[in-house]
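[1] predicted model, plus sequence, below.
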Amino acid sequence: MKKIYSFLVIVILAALIGAVGFGFYNMKEISAQVAVSKPKIGVLNMALAAQKAEVYRYVFAEKAKYEEKYQKEFEAERDALQEKEKALTEQRNALNEESAKLASEQADMAQSVFAEKQKLFQQKVADFQKEIESFQGQLQELQEKYALKAQKLQKSAEEASNEIMKASEKALTKINDKEKFDVILNQTAVVFYSDGVDITNEFVSGLDDIIQKVDFKDPEKQSL
């Protein structure tokens, strides 16, 4: 960067000198006298590295293992609640039928008999309402339970990723000590690059030498 900056200063000064009448300064000659070195650039395809590196594959596999486990547990609990919902729907239909029947029989009943039947029916409705509220509470608990599991799993993955990042820095430092790059770019920030500047395979090899596994903490033991 210092060499490039110095070159720009010289070019700017030369342009200013020419502007005030010192025409004997030749810009091409000045430029030729300045040694301009091209920056050495490396490009790293992190998406591809994550597919190839042992430690990334290990973390992905651990995360997938817990995701599959939680999915099965969730589906089992969800299915049980769906059965309960089906039973509640049948119970509601039965109450609707009983209500219609009671209304149709009201004219043929003594007032005291109808009042007693109506009281019993209202108690059934109240009990049914409590069951509905309980069911809704269970649904909410299920959603919150697995949302919490997902958060804890994400925390375990992030902690593992932090360890990978530390190892990645070491791998990149080792590459740079050898190759003396001026800059290393992520492939996503580059429109085009030749294979000669791609350091992905070298990075993967270096990362595999440093680390193959990290501690993937059991999400159930995580605190948020």
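    All right, it came through fine. Numbering: from 1, shown residues only.
[2] low-confidence stretches in the protein?
    Residues of the chain that meet the criterion pLDDT under 70 lie in 1-37.
[3] ok, longest helix in it?
    Counting by DSSP state H, the longest helix found in the chain is helix 111-179.
[4] so what does the helix or strand following that helix touch, helix or strand wise?
    For helix 111-179, the following helix or strand on the C-terminal side (DSSP states H and E) is strand 183-186. Here strand 183-186 touches strand 41-44, helix 111-179, going by 3 or more C-beta pairs under 8 Å, 6 or more residues apart in numbering; DSSP states H and E. Where you see a C-beta, it was placed from the backbone N, CA and C, and this is true even at glycine.
[5] adjacent strands (with direction) for strand 183-186?
    strand 41-44 (parallel) (DSSP bridges).
[6] which strands or helices does the helix or strand that the partner strand is followed by pack on?
    Sequence-wise, the next helix or strand downstream of strand 41-44 (DSSP H and E) is helix 46-52. Applying 3+ C-beta pairs under 8 Å, 6+ apart, we find helix 46-52 packed against helix 54-105, helix 200-210.
[7] list the buried residues of helix 46-52.
    For helix 46-52, the neighbour count (16 or more other C-beta atoms under 10 Å) marks Ala49, Ala50, Lys52 as buried.
[8] wait, what's in contact with the last one?
    With contact set as C-beta atoms under 8 Å, 6 or more residues apart in numbering, Lys52 has these partners: Thr200, Asn201, Val204.
[9] how far away is it from Met165?
    17 Å (C-beta to C-beta, to the nearest Å).
[10] quick check: chain neighbours aside, which residue is closest to Asp208?
    Using C-beta to C-beta, 6 or more residues apart in numbering and skipping the chain neighbours, the partner closest in space to Asp208 is Glu54 (5.1 Å).
[11] my guess is that neighbour contacts Gln212. True?
    Yes: contact criterion C-beta atoms under 8 Å: Glu54 and Gln212 qualify, at 4.4 Å.
[12] I'd like to know which of the contacts of Lys52 are buried.
    Buried among these (16+ other C-beta under 10 Å): Thr200, Val204.
[13] closest to Pro39 out of the contacts of Lys52?
    Thr200 (19.4 Å; C-beta to C-beta).
[14] count of residues packed around the closest residue to Gln187 other than its chain neighbours?
    Using C-beta to C-beta, 6+ apart and skipping residues adjacent in sequence, the residue nearest Gln187 is Asn45, 4.0 Å away. Around Asn45 there are 20 other residues, counting by other C-beta atoms under 10 Å.
[15] ok, Ala115 next?
    What Ala115 shows, counting by other C-beta under 10 Å, is a neighbour count of 11.
[16] quick one: contacts for it?
    By C-beta under 8 Å, 6+ apart, the contact set of Ala115 is empty.
[17] for Leu48, see how far away it is.
    78 Å.
[18] re the thing from before, phi first, then psi, for the residue nearest to Gln187.
    phi -90, psi 90 (degrees, to the nearest 10).
[19] I'd guessed it sits against Thr200; true?
    Yes: between Asn45 and Thr200 there is a contact under C-beta under 8 Å: 4.5 Å.
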